[in-house]
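[1] Whatever this is, show me its structure:
(one chain, ligands or ions: 1)
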Amino acid sequence: MAQLLDGKATAKSVRGELKREIKRLVTLVERPPQSVFIQVGENPASTTYVNLKHKMAERIGCVSTIARMADSITQDELLECIQRYNEDRNVHGILVQLPLPEHIDESVIVQAISPRKDVDCFHPENVGRMIIGLPGPKPATPLGIVTLLDAYGIDVKGLNVTVVGRSNLVGKPLGIMLLLRHGTVTYCHTRTRDLAAECKRADLLIAAAGRAGIVTPEMIKPGAVVVDVGTNFIPAVDENGQPVLDENGQPKQQQVGDVEFNAAEQITAWISPVPGGVGPMTIASVLSNTVTLYKLIEGVD
Ligand code: GUN
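    All right, here's what the predicted structure looks like:
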């Protein structure tokens, strides 16, 4: 039976360390770290995430602002808003919550955030810095995953690592971060010929495809470490397979990962749950990047 990679508990301990670090740093710098979370429109999931990041930032001692913009904001207006925060001496971290409305080009917006204030580490300059090992922020979800592995003493060196998914935000940068830790990394994607065989070789299997149940227990090597990055919402069913309804009689949604958790936990050594695994670690990494950028901007260590 697997041991749990508990992201909720680990994120709490990371936040505790960051809080102590900020307390020490503010005695050296005139201003506290300040983050701005920009949300465009009213996507309920985005509201939940932005509120959570804001609350956690305040809790560790940052000054935090949520800038909410109407869905109808133009790309130029959003760029002007980002520019103001880029130039504001008091602001150290800027995050624009994705997805953005269709009339706004995400890539233009991501590249408009100053690389010096990019707490998600989405900017190509920062992704490049990470690849060659220069100081700066690290991609938030991948950083959360390596921090989680570190917390449980799991050393990636020499392991066969399979990453299922090659997104710019998770799969691609995570594979590189695990390579930098001396893993032997294989990427799998929609054109991979034999996904099951590639997964079965993995000592460390990362499921980051964004498809519920894509990793089945037959694809997992017994004793492997499995990190489930999926955040999928599917209709909830009860023990008889019947749909569960909410108080309004609507089908209730349930959050699941990319891995069939109940069967997988019987054969793995370690597994991260969904929810409570990678999600809280991503938020902790945004906070950790904020402190990294604060130190770089203010020239303290
Ligand atoms: N939308 C979903 N995940 C993320 C994230 O990590 N950062 C931002 N900015 N938007 C997201």
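[2] for this structure, what's the longest helix?
    helix 278-298 (DSSP state H).
[3] and that helix, what does it pack onto?
    Judged by 3 or more CB pairs under 8 Å, 6 or more residues apart in numbering; DSSP states H and E, helix 278-298 is in contact with helix 7-25, helix 44-59, strand 93-96, helix 140-151. C-beta coordinates here come from the backbone N, C-alpha and C atoms, glycine included.
[4] so which of those is the most packed in?
    With neighbours defined as mean count of other CB atoms under 10 Å, the helices and strands packed on helix 278-298 peak in mean count at strand 93-96, which reaches a mean of 26.
[5] after that one, next one along is what?
    helix 106-112 (DSSP states H and E).
[6] The ligand contacts on the stretch 1-150 of the chain?
    Leu95, Val96, Gln97, Leu98, Asp120, Ala140 (CB under 6 Å from any ligand atom).
[7] Surely the last one and Asn289 touch.
    Yes: at 6.5 Å, Ala140 counts as touching Asn289 under the criterion of CB atoms under 8 Å.
[8] So for the two, which residues contact both of them?
    Residues touching both Ala140 and Asn289 (CB atoms under 8 Å, 6 or more residues apart in numbering) are Val119, Asp120, Cys121.
[9] and of the residues you listed, the nearest to the ligand?
    The nearest member of the shared contacts of Ala140 and Asn289 to the ligand, counting by CB to the nearest ligand atom, is Asp120 at 4.7 Å.
[10] List buried residues within the shared contacts of Ala140 and Asn289.
    Val119, Asp120, Cys121 (16 or more other CB atoms under 10 Å).
[11] For the closest residue to Lys117 other than its chain neighbours, list each beta-bridge partner.
    Closest residue in space to Lys117, ignoring its immediate chain neighbours: Ile94 at 4.6 Å, by CB to CB, 6 or more residues apart in numbering. Bridge pairing for Ile94 (DSSP bridges) gives the partners Val36, Asp118.
[12] Could you export stretch 72-89 as CSV, CA atoms only?
    Provided in CSV are the C-alpha atoms of stretch 72-89 (Å, rounded to 0.1, in the frame of the first residue of the first chain):
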residue,chain,number,x,y,z
SER,A,72,-14.7,43.3,-21.9
ILE,A,73,-11.2,44.8,-21.1
THR,A,74,-9.2,45.2,-24.4
GLN,A,75,-5.8,43.6,-24.8
ASP,A,76,-4.2,47.1,-24.9
GLU,A,77,-5.9,48.1,-21.6
LEU,A,78,-4.7,44.9,-19.9
LEU,A,79,-1.2,45.6,-21.3
GLU,A,80,-1.3,49.2,-19.8
CYS,A,81,-2.4,47.7,-16.4
ILE,A,82,0.5,45.3,-16.5
GLN,A,83,2.9,48.1,-17.4
ARG,A,84,1.9,50.1,-14.4
TYR,A,85,2.7,47.2,-12.1
ASN,A,86,5.9,46.5,-13.9
GLU,A,87,7.0,50.1,-13.1
ASP,A,88,5.7,50.2,-9.6
ARG,A,89,8.8,50.0,-7.2
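[13] Need the residues that contact that stretch.
    Applying CB under 8 Å, 6+ apart, the contact partners of stretch 72-89 are 31, 36, 38, 40, 67, 69, 91, 94, 96, 103-105, 108-109, 112-114, 117.
[14] one step back: mind putting the buried ones among the shared contacts of Ala140 and Asn289 into a markdown table with pLDDT and distance to Leu134?
    Formatted as a markdown table, those follow (pLDDT from 0 to 100; distance: CB to CB, whole Å):
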| residue | pLDDT | distance to Leu134 |
| --- | --- | --- |
| Val119 | 98 | 17 |
| Asp120 | 98 | 17 |
| Cys121 | 98 | 12 |
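[15] Just name the closest of those residues to Val225, please.
    Using CB to CB, Cys121 is the member of those that lies nearest Val225, at 23.9 Å.
[16] can I assume the closest one is in contact with Ala140?
    Yes: counting by CB under 8 Å, Ala140 is a contact partner of Cys121 at 6.2 Å.
[17] got any residues that touch both of these two?
    Here Cys121 and Ala140 have Asn289 as joint contacts, going by CB under 8 Å, 6+ apart.
[18] Grab the nearest non-local neighbour of Pro222.
    Distance criterion CB to CB, 6+ apart; nearest residue to Pro222, sequence neighbours excluded, is Ile267 at 4.9 Å.
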